[in-house]
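In: Fold the following for me, if possible:
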Amino acid sequence: MNKTVSKLALSLILLTNVNPVLAASTSHNTQLSKEVIIVAFWNHINQAIDTIKKGSQTISDIQERQRQDAERKRRQDALEQARRETTERQLQEAQRRRAYFESLSPEEKQAYIEQQNAIKQQQAAANLLILGLFADFIIGSGSESYSRQETPGYIIQENRNSTPTYQPTPVKPIHPNYGSCHSYDC
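Out: A predicted model of the protein is given here:
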């Protein structure tokens, strides 16, 4: 309904703009001038429809951009809220530890400090182990030969002082008469 009203309004506006063309074409052939007027009229209508389509596309683009901006802002706000909550929890944990530490006797404080240092050393060792594994993975993924280190099914022993001897390994016979008869009548 809304598009029909818009097209009708545009048609009326275009008809009022065509009047100077009608006045100029009275001296020429009326049939030819009518065809020119109709073609010009439809060209104006098509241009007006294209303009309306471009306007509606621009509006939908603006609405999509606003929707994306609102979504981005919502995500940023949620992330900022999560950061604030994490910081607040960390501060509360630090205050709780400090209150606990201050309530300890001097000997217990020393034991607590040693315990915390041991935990820090364990965490540092775990971090180094993970870093080493990550470095091995990175180095190993760069070369195929490193990642495919297979142990062979045999061991090669080098003896550089003697000359190499190649002796076939003994094989268990298939049948007692196999290989002893070289004719068909065996």
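In: Show me what the longest helix along the chain is packed against.
Out: The residue-count maximum for a helix in the chain (DSSP state H) belongs to helix 30-102. Applying 3 or more Cβ pairs under 8 Å, 6 or more residues apart in numbering; DSSP states H and E, we find helix 30-102 packed against helix 2-24. To be clear about C-beta, it is placed using only N, CA and C from the backbone, and glycine gets the same treatment.
In: Return the mean pLDDT over the helix it packs on, rounded to an integer.
Out: Throughout helix 2-24, pLDDT has a mean value of 60.
In: How about stretch 83-100?
Out: 93.
In: Check which helices and strands whichever strand or helix holds Gln122 sits against.
Out: If you go by DSSP states H and E, Gln122 is part of helix 106-142. Packing partners of helix 106-142 (3+ Cβ pairs under 8 Å, 6+ apart): helix 144-147.
In: If you compare the directions of the helix holding Gln122 and helix 30-102, what angle comes out?
Out: With axes from the mean of the first three to the mean of the last three Cα atoms, to 10 degrees as the basis, helix 106-142 and helix 30-102 are set at 140 degrees to each other.
In: mind starting the numbering at 8 from now?
Out: In the new numbering, first residue 8, that becomes helix 113-149.
In: Rounded mean pLDDT for helix 113-149, please.
Out: 90.
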